[in-house]
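Novice: Fold the stuff below for me.
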Amino acid sequence: MVPHRAAWADDFDRERRRLTAVLRPWLAGDIEHIGSTAVPGLPAKPIIDMAARISAYPAGAAAIAPLARIGWAHAPEPGDETGRKWSFCFPDPGLRTHHLHVYEESDPLVPKLIAFRDHLRRCPEDAAEYGRLKTALAAADPHDRPRYRAGKAPFIEGVLARLNDR
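Specialist: Sure, this is the predicted structure:
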């Protein structure tokens, strides 16, 4: 975990423009900056998470070669195929600065990711609490990604539940 870097917004925008040019035939909407690097002031792992939507999961296979030509590596994660999602990273899986998650347009997760990001941008108290939680989880075991993700889940679900109640 590192303190927020203002440059992350520009780093996202630079790659968003490159990705949009390559993925245009398959995109179903804008590429979004998601995750903690998208929330000013929030500490984060220095990897810019991005979400793109495509019309249908099989179309993602056609994007692998064009993405490779601009330096993006196909980096499948556990559950990608069953979740009908594609994962890519830049510049490579060992030293990534960016991570692109490509979802089917109908995947209900994408609106939740955006709603959570937007809420943290609007609510500094929740952003600060989330930052403290993430920092504590990362400090407990910086290499246990499943534990880290599981530890964040109740907070994220709680925020989303509050947003749905409004």
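
Novice: Check which helix or strand the residue nearest to the spatial centre of the chain maps to.
Specialist: Nearest to the centroid of the C-alpha atoms of the chain, with distances taken as Cα atoms, centre = their mean, sits Asp49, at 3.2 Å. Using DSSP states H and E, Asp49 sits in strand 48-54.

Novice: picking that back up, my read: the residue nearest to the centre of the chain touches Glu32, true?
Specialist: No - applying Cβ atoms under 8 Å, one finds Asp49 not in contact with Glu32, separated by 9.2 Å. In short, each C-beta sits where N, CA and C put it, glycine included.

Novice: which residues do those two both contact?
Specialist: The contact sets of Asp49 and Glu32 overlap at Ala38 (Cβ atoms under 8 Å, 6 or more residues apart in numbering).

Novice: picking up where we left off before, what's opposite the residue nearest to the centre of the chain in the beta bridge?
Specialist: For Asp49, the beta-bridge partners under DSSP bridges are Ile34, His99.

Novice: Give the other helices and strands that the helix ranked longest in the chain contacts.
Specialist: Across the chain, the longest stretch assigned as helix under DSSP state H is helix 145-165. Packing partners of helix 145-165 (3 or more Cβ pairs under 8 Å, 6 or more residues apart in numbering; DSSP states H and E): helix 109-122, helix 124-140.
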